[in-house]
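Participant: this is a predicted model, with the sequence first.
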Amino acid sequence: MIIRVSEARVRPERFEEFRDMIVSAVREFPGRYPGLIDHEVLLAPPDSLLYVSRWRSEQDLVGYVGEHWRDQPVVLPGEDEYLVAPLQLRRFAPASLG
């Protein structure tokens, strides 16, 4: 499993509008991307939003993002107008606890 976290630093006065746009845009992702195990939008008002997605494999991520999935965030059309800085992307693999 691979976990991707995209952090958006949002203009505070546009935070609610941005939240609604992102939630609406990602709602259909599980049906479009079969390798997406689950996902969530996390909020830290007034200016931070995280999109966390959990993927079954690297191949599934290539189908979602492309070959540069390790360092290329997915930017939706018009998203830049809400942001005060470029999206930050981090990825994780779970540690074995057993």
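Facilitator: Thanks, I have it.
Participant: what is the subsequent helix or strand relative to the lengthiest helix in the chain?
Facilitator: Secondary structure of the chain per DSSP state H: the longest helix is helix 15-26. Using DSSP states H and E, the helix or strand that follows helix 15-26 in sequence is helix 29-32.
Participant: for that following helix, output the C-alpha coordinates as CSV.
Facilitator: Extracted in CSV, the C-alpha atoms of helix 29-32 (Å, rounded to 0.1, in the frame of the first residue of the first chain):
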residue,chain,number,x,y,z
PHE,A,29,-12.5,8.9,-7.6
PRO,A,30,-13.1,5.4,-6.1
GLY,A,31,-15.3,4.5,-9.1
ARG,A,32,-12.8,5.9,-11.6
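Participant: so who does the residue most central in space within the chain touch?
Facilitator: Closest residue to the average C-alpha location of the chain: residue 51 at 3.5 Å, with C-alpha atoms, centre = their mean. Neighbouring residues of residue 51 by C-beta atoms under 8 Å, 6 or more residues apart in numbering: 5-6, 8, 22, 26, 39-42. Where you see a C-beta, it was placed from the backbone N, CA and C, and this is true even at glycine.
Participant: switch to 6 Å and redo it
Facilitator: 6, 41 (C-beta atoms under 6 Å, 6 or more residues apart in numbering).
Participant: hey, C-alpha coordinates of the longest helix of the chain in PDB?
Facilitator: Backbone C-alpha positions of helix 15-26 (Å, rounded to 0.1, in the frame of the first residue of the first chain) are rendered in PDB as follows:
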ATOM      1  CA  PHE A  15     -11.400  28.100   2.300                       C
ATOM      2  CA  GLU A  16     -15.000  26.900   2.300                       C
ATOM      3  CA  GLU A  17     -15.400  27.300  -1.400                       C
ATOM      4  CA  PHE A  18     -12.200  25.400  -2.000                       C
ATOM      5  CA  ARG A  19     -13.300  22.600   0.400                       C
ATOM      6  CA  ASP A  20     -16.500  22.200  -1.500                       C
ATOM      7  CA  MET A  21     -14.700  22.100  -4.800                       C
ATOM      8  CA  ILE A  22     -12.300  19.400  -3.600                       C
ATOM      9  CA  VAL A  23     -14.900  17.200  -1.900                       C
ATOM     10  CA  SER A  24     -17.100  17.400  -5.000                       C
ATOM     11  CA  ALA A  25     -14.100  16.600  -7.300                       C
ATOM     12  CA  VAL A  26     -12.800  13.500  -5.400                       C
END
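Participant: cheers, nothing more for now.
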